[in-house]
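Chemist: Based on what follows, work out the 3D shape:
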Amino acid sequence: MADTREMLEELKNFDTPSITNVVATYSQSPECLGLYNPWSENWYTDHSVRCMYPELGRRVGYAVTAVYGLPDPNFDRLSFADAIDAMEQSQQPTIFVFQQKFPPAIAGKVGLAGGNMTAAMKAVGCVGAISNGPSRDFDEIRSMDFQYLLSGATPGHGNMAIYSINVPVSVAGMDVSPGEIIHMDENGACKFPADKLEAVLTRARDLGREEDVMQERFSQARSAADVRKVLMGSAYGSKEE
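Modeler: Next comes the predicted model:
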């Protein structure tokens, strides 16, 4: 079996929609692992987040999770330093998936992750982060080669706290458990179990070859009849895909 780090790196050759295709999108396809019911299970992000640095490309890593909210006088045991410890102790590289549980009145004004936080995460092998809220310091972070999927940007915040680390979280329509593999790019993010890494990579290679053949055939089509012939020969998805 190939080295795990090498497989994670090779997965970056494929965009996130291709990974979703082999994880669960087309359950009747031989290239699809069918790991989830594609509609009823929350295994990829929705439109509420966007890629902050499309030019930086794809990221793949093991999920480290946390939940943030307003300070609670009855609980102050955890800090960002504990999250950093969890990233260092995880399989590498990591992606930080942090759910924000702030009151609706301020949820859009929490510039949670800034330059210092990003530099700290990168120091312990984290390559990207996903959250259901905004963050800040995007000019400062851009040169750090660190990817973000967020709801947007806002310049400030007040006091906040970490409620839990490495627990199941739900961010932008995606349910994530610690240690799952996250694939993210400008299309969004999807997850799959770490023990399926080699299978996902193998299917992604197969699907990539099939799509190359199909697109070459489309490039040679000169009529609707030609296009229909290509569509009818598709080995995955619907006949219209």
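
Chemist: Which stretches in this protein count as helices?
Modeler: In order along the chain, the chain carries the following helices (DSSP state H): 4-11, 16-20, 80-89, 115-123, 138-142, 197-220, 224-232.

Chemist: Compare those and report which one is nearest to residue 161.
Modeler: Nearest to residue 161 among those is helix 80-89 (9.7 Å), distances taken as Cβ to Cβ. Yep, even glycine has a C-beta here, placed from its N, CA and C like the rest.

Chemist: re the thing from before, out of the helices of the chain, which is the most enclosed?
Modeler: Compared across the helices of the chain, helix 16-20 shows the largest average neighbour count, a mean of 22 (mean count of other Cβ atoms under 10 Å).

Chemist: Residue 124 contacts residue 87, doesn't it?
Modeler: Yes: in this structure, residue 124 sits in contact with residue 87. The criterion is Cβ atoms under 8 Å, and the distance is 4.6 Å.

Chemist: Please identify every residue contacting each of those two.
Modeler: Jointly contacting residue 124 and residue 87 under the rule Cβ atoms under 8 Å, 6 or more residues apart in numbering are residue 94.

Chemist: got a list of what the most centrally placed residue in the chain touches?
Modeler: For the chain, the residue nearest the mean C-alpha position is residue 189 (2.9 Å; Cα atoms, centre = their mean). Residues in contact with residue 189, defined by Cβ under 8 Å, 6+ apart, are 16, 44-45, 49, 130, 149, 172, 174, 182-183.

Chemist: what bridges to it?
Modeler: Beta bridges link residue 189 to residue 184 when assigned by DSSP bridges.

Chemist: before we move on, the earlier item: quick one: which of the contacts of residue 189 is nearest to residue 38?
Modeler: Looking across the contacts of residue 189 and measuring by Cβ to Cβ, the closest to residue 38 is residue 44, at 8.8 Å.

Chemist: what's across from that closest one in the sheet?
Modeler: Legend: beta-bridge partners of residue 44 under DSSP bridges are residue 190.

Chemist: who's in contact with it?
Modeler: Residue 44 makes contact with 16, 20, 173-174, 188-191, according to Cβ under 8 Å, 6+ apart.

Chemist: May I ask which two of the residues you listed are separated the most?
Modeler: The span of these, defined through Cβ to Cβ, is set by 16 and 173 at 13.9 Å.

Chemist: what's near enough to touch residue 115?
Modeler: Residue 115 neighbours (Cβ under 8 Å, 6+ apart): 137, 140-141, 144.

Chemist: just residue 19 next, same as before
Modeler: Applying Cβ under 8 Å, 6+ apart to residue 19 gives the contacts 11, 183, 190, 192, 200, 204.

Chemist: repeat for residue 128
Modeler: Contacts here follow Cβ under 8 Å, 6+ apart; on that basis residue 128 touches 59, 61, 95-96, 146-149, 182, 184.

Chemist: Let's see which of those residues end up in strands.
Modeler: Using DSSP state E, the subset of the contacts of residue 128 located in strands is 59, 61, 95-96, 147-149, 182, 184.

Chemist: Reformat those residues as JSON lines; add neighbour count.
Modeler: Conversion of the ones in strands among the contacts of residue 128 to JSON lines gives the following (neighbours: other Cβ atoms under 10 Å):
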{"residue": "59", "neighbour count": "28"}
{"residue": "61", "neighbour count": "24"}
{"residue": "95", "neighbour count": "29"}
{"residue": "96", "neighbour count": "27"}
{"residue": "147", "neighbour count": "24"}
{"residue": "148", "neighbour count": "24"}
{"residue": "149", "neighbour count": "29"}
{"residue": "182", "neighbour count": "28"}
{"residue": "184", "neighbour count": "28"}
